[in-house]
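# heads up, no residue letters with this:
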């Protein structure tokens, strides 16, 4: 991996590379998808802070797909807030 976004070139603050997207996707599948299933989620937007503080200004959109979920978009959102899925 190339490191967290804030550790790279500050001009690229609003960009994620393939390694970043893989990290977010891997943690999403392992930690978030089970919670989404528990809450019977189908579609939504989540803050990416679950992947680490470096991703707290990023959000992802997801939707159910077959027996799982897929990330449909990841975008920079400096004002985005996290959501506690352990409600």
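In hand now; what should we look at? Worth saying up front: this structure is predicted, and the values here are computed from it rather than measured.

# check contacts around the residue nearest the centre of the chain.
With distances taken as Cα atoms, centre = their mean, residue 48 lies nearest the centre of the chain, 3.3 Å away. By Cβ atoms under 8 Å, 6 or more residues apart in numbering, the contact list for residue 48 reads 24, 55-56, 58-60, 74. (C-beta placed from N, C-alpha, C; glycine too.)

# quick one: low-confidence ranges for the chain?
1-13, 80-87 (pLDDT under 70).

# buried sites along the longest helix along it?
The helix spanning the most residues in the chain, taking DSSP state H as the definition, is helix 18-27. Of all the residues in helix 18-27, those buried under the rule 16 or more other Cβ atoms under 10 Å are 20, 23-24, 27.

# what of stretch 55-75?
Result for stretch 55-75 [16+ other Cβ under 10 Å]: buried residues 55-60, 62, 64, 69, 71, 74.

# next SSE after the longest helix of the chain?
Using DSSP states H and E, the helix or strand that follows helix 18-27 in sequence is helix 33-38.

# on the three-state scheme, residue 60 is what?
Counting by DSSP: H, G, I helix; E, B strand; the rest coil, the backbone at residue 60 sits in strand.

# these two touch, right, it and residue 46?
Yes. Counting by Cβ atoms under 8 Å, residue 46 is a contact partner of residue 60 at 5.6 Å.

# how far off centre is stretch 52-69?
4 Å (Cα atoms, centre = their mean, to the nearest Å).

# for it, measure first residue to last.
Start-to-end span of stretch 52-69 (Cα to Cα, to the nearest Å) is 21 Å.

# residues making contact with that stretch?
4-7, 16, 20, 23-24, 28-29, 33, 36, 41-49, 70-78, 80, 82.

# how many neighbours does residue 53 have?
Residue 53 has 9 neighbours, counted by other Cβ atoms under 10 Å.

# got a list of what the residue lying closest to residue 28 once chain neighbours are set aside touches?
The shortest distance from residue 28 to any non-neighbouring residue, by Cβ to Cβ, 6 or more residues apart in numbering, is to residue 71 (6.3 Å). By Cβ under 8 Å, 6+ apart, the residues touching residue 71 are 24-25, 28, 60-62.
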